[in-house]
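Engineer: Take this sequence and fold it.
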Amino acid sequence: MIHLLSATVERWPVAGAFIISRGATTDVDVVVCTVGDGTYVGRGEGTADYSDATTAARWRGGIRAYVRDGVPAGMT
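Structural biologist: Now for the predicted structure:
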């Protein structure tokens, strides 16, 4: 069974500035997760889609709730 070992939000710097019509940013909030099954450990990261008013903290909460409710058997 897969277990969530950690789910955190980190702020990563952008090389220069990331500029779109809504403005510019020099950093981005990234959700970083670590999972394991007792033998193997995996790590992944991703950013929220801010066009629908989602935040990295909200994604982290969703990930934690998904794992709390039980990761489906066979998930890879």
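Engineer: what about the helices in this protein?
Structural biologist: In the chain, the helices defined using DSSP state H lie at 56-68.
Engineer: and the gap between the residue most central in space within it and Gly46?
Structural biologist: Nearest to the mean C-alpha position of the chain, counting by Cα atoms, centre = their mean, stands Val31 at 2.6 Å. When distance is defined by Cβ to Cβ, to the nearest Å, Val31 is 6 Å away from Gly46. For every residue, glycine as well, the C-beta is placed using N, CA and C.
Engineer: now Pro13
Structural biologist: Per Cβ to Cβ, Pro13 is found 17 Å from Gly46.
Engineer: which one of those two has more residues nearby?
Structural biologist: Between Pro13 and Gly46, counted using other Cβ atoms under 10 Å, Gly46 has the larger neighbour count: 12 against 9.
Engineer: tally of neighbours for Tyr66?
Structural biologist: The burial count for Tyr66: 13, using other Cβ under 10 Å.
Engineer: Specify the residue positioned farthest from the middle of this protein.
Structural biologist: Residue farthest from the centre of the chain, counting by Cα atoms, centre = their mean, is Ser21 at 24.4 Å.
Engineer: residue contacts, it?
Structural biologist: Applying Cβ atoms under 8 Å, 6 or more residues apart in numbering to Ser21 gives no contacts.
Engineer: May I have the phi/psi pair for it?
Structural biologist: When read as degrees, to the nearest 10, the backbone of Ser21 gives phi -60, psi -30.
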